[in-house]
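A.B. asks: prediction below, plus the sequence it came from.
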Number of protein chains: 2
Amino acid sequence: MLNMAEATQINFDQLKVSCANCSLRELCIPQGMTDEELKLVDQIIERKKPVHKNDYLFRAGDTNRSLYAVLSGSVKTLVDNPNGEEQIVGFHLPGELLGMDGFSGDSHTCSAVALETSSVCEFPLESLDKVCHDVPSIQYAMRRLMGKEVSKDHAMLLLLGRMSAEEKLASFLISLSKRMAQRHWKPTEFNLTMPRQDIANYLGLAVETVSRLFAHLQEVKIIEVDRRRINICDMERLRSIIGDGENVDSAAAEQV
Amino acid sequence: MLNMAEATQINFDQLKVSCANCSLRELCIPQGMTDEELKLVDQIIERKKPVHKNDYLFRAGDTNRSLYAVLSGSVKTLVDNPNGEEQIVGFHLPGELLGMDGFSGDSHTCSAVALETSSVCEFPLESLDKVCHDVPSIQYAMRRLMGKEVSKDHAMLLLLGRMSAEEKLASFLISLSKRMAQRHWKPTEFNLTMPRQDIANYLGLAVETVSRLFAHLQEVKIIEVDRRRINICDMERLRSIIGDGENVDSAAAEQV
DNA sequence: CGCCGATTTGACTCAGATCAAGGTTTGTGG
DNA sequence: CCACAAACCTTGATCTGAGTCAAATCGGCG
């Protein structure tokens, strides 16, 4: 029991950690900043309490706009159409950002939902504007991060517009694998934090198709799947599905 | 002949017009700026000579990065996949921006090609950074414009991921119609500046499907098509295809 | 006029959706 | 600790929207 309490205490402290000693520092907003600049960023962050699975971080239409960085856990963002259907537009791992859709107009245009118990850092838009104004290098960093967002979205348009179901799933797994590697986690062995339904929605497929594709990729020994657990056994052949043997670090796979 | 020459002269002068008297002012970067601020923006613009149909404004991989605003004509942007296929990610009308994909990394990740003889204003990235630094309101405007880009891309993900062929084409026409209206051109009668092939590619369809859909929409008297000429006869029913009778100004249609 | 690229049209095919069960895991309250 | 429900996932059978293939037609333009 004492151990448990201690562990809880440690977790709590981690939530209050500054950007300077955050392990995600090089993936997140602070990448490449001086200690000086970091302090300024630190000051505008509101560290949120953990959010639970299925909690909304924000909803389309919310006028209280912020940029969010995932600290732990994972989050999905989605847009709705007039008929009430929804399209998932992103899955966000620790160190990744969401909420840029609120930078135009006066409200968010997509919603964000926690896929599991997670914690996020929140940067209110006003404070963000102010610190960008005061610190050029932060403004520069923001420009870079938004440009990345645009390029990433373009890669998704390519995926949804031109790829077969199998290519879509392969791209998805490769993208996850690369993002695992960036976080110094195993790139070939990881847990999916989202249900099949969400993967299907994100890739523009039916759940059944995703399920069958997982079965097939396992069949031919490219991956092993056990429910949410993925093990990529043959990265080479997984890559060959999206059609590049050599040019492995292609922009497309990088950014899905 | 003299008239022709005169017309050419007038065109040439228009290219040298400042942002302050540009008719696209309220659609483009300068929206809502003071005269003071406009001058600063004006100074960093490099007004390009007209580009011809099929000319590249920039290519994926170009390290010479800029933000571009279409002054006249129209431009498409596209990304390539490892197999050499391409996906068109945007069509850009006068007053619309392109090139934000270059704001991250060190090169553009998509290419831009003129659909017809066009002219564009170029904002080199370095100058843009500088003026953003000097003038907070321009930085603020840039943030807004990039946010809009992200929201627009999300709407495209919804289109590609969830819509039927007919819904896609209807959304496309409605989007064009709205953008015509913004430019004070007829919202129900306009020319497509891109071939069927490009429309098909953009919407994730086959050319034949687009052709058949145009034929069908004409059949049921929702539109009239004559080659590139479009006349929307029944906007109400066109809208009903994407599934909203009342909630007409939905974000989805707005931003495709 | 004659060629070439763009567009249309028709016939056929197929990847992936939909429909229909059945199995498994998780959580929950008694 | 068990029973039961609710998600979630898989598998099989069938259907269909849209792709593919093939061919004709149209519209400019040298």
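C.D. replies: Cool, the structure landed.

A.B. asks: distance-wise, check the closest residue to A:I232 other than its chain neighbours relative to A:L238.
C.D. replies: Spatial nearest neighbour of A:I232, excluding adjacent residues (CB to CB, 6 or more residues apart in numbering or on different chains): A:T188 at 4.3 Å. No exception for glycine: its C-beta is placed from N, CA and C like everyone else's. Distance check for A:T188 against A:L238: by CB to CB, to the nearest Å, it reads 10 Å.

A.B. asks: between these two, which contacts overlap?
C.D. replies: When CB atoms under 8 Å, 6 or more residues apart in numbering or on different chains defines a contact, the residues bordering A:T188 and A:L238 alike are A:I232.

A.B. asks: for the two, indicate the residue with more neighbours.
C.D. replies: A:L238 (20 against 17; other CB atoms under 10 Å in any protein chain shown).

A.B. asks: mind listing what that one touches?
C.D. replies: By CB under 8 Å, 6+ apart, the residues touching A:L238 are A:170, A:173-174, A:217, A:222-223, A:232.

A.B. asks: measure it to A:E224 for me?
C.D. replies: A:L238 is 12 Å from A:E224, by CB to CB.

A.B. asks: over to A:Q43?
C.D. replies: Note on A:Q43: its distance to A:E224, by CB to CB, is 46 Å.

A.B. asks: between the two, which one's more packed in?
C.D. replies: Comparing A:Q43 with A:E224 by other CB under 10 Å, the one with more neighbours is A:E224, at 15 against 11.

A.B. asks: give me the pLDDT for the more buried one.
C.D. replies: A:E224 carries a pLDDT value of 96.

A.B. asks: what about it, which SS state?
C.D. replies: Reduced to three states with DSSP: H, G, I helix; E, B strand; the rest coil, the structure at A:E224 is strand.

A.B. asks: and it, what is it in contact with?
C.D. replies: Contact analysis of A:E224 by CB under 8 Å, 6+ apart lists A:218, A:230-231, A:233.

A.B. asks: and A:R144, by the same measure?
C.D. replies: Contacts here follow CB under 8 Å, 6+ apart; on that basis A:R144 touches B:103-105.

A.B. asks: in what helix or strand does it lie?
C.D. replies: Taking DSSP states H and E as the definition, A:R144 sits inside helix A:136-162.

A.B. asks: now do that helix, average pLDDT.
C.D. replies: 93.

A.B. asks: got the angle between that helix and helix B:136-162?
C.D. replies: Taking axes from the mean of the first three to the mean of the last three CA atoms, to 10 degrees, one finds helix A:136-162 and helix B:136-162 inclined to each other by 20 degrees.

A.B. asks: for B:N81, state which of the contacts of A:E224 is nearest.
C.D. replies: A:I230 (23.4 Å; CB to CB).

A.B. asks: give me the three-state assignment for the residue nearest to A:L97 when sequence neighbours are not counted.
C.D. replies: Spatially, and ignoring its direct neighbours in sequence, A:L97 is nearest to A:A69 (5.4 Å; CB to CB, 6+ apart). Of the three states, A:A69 takes strand according to three-state DSSP.

A.B. asks: ditto for A:G90
C.D. replies: strand.

A.B. asks: so where do the helices sit in chain A?
C.D. replies: In chain A, the segments counted as helices under DSSP state H are A:2-15, A:35-44, A:125-134, A:136-162, A:165-182, A:196-203, A:207-219, A:235-241, A:251-255.

A.B. asks: state the number of residues packed around the residue nearest to A:C22 when sequence neighbours are not counted.
C.D. replies: Spatial nearest neighbour of A:C22, excluding adjacent residues (CB to CB, 6+ apart): A:C28 at 7.1 Å. Neighbour count for A:C28, taken as other CB under 10 Å: 21.

A.B. asks: from A:I174, how far off is A:C28?
C.D. replies: A:C28 sits 22 Å away from A:I174, going by CB to CB.

A.B. asks: ok, A:R144 next?
C.D. replies: Per CB to CB, A:R144 is found 23 Å from A:I174.
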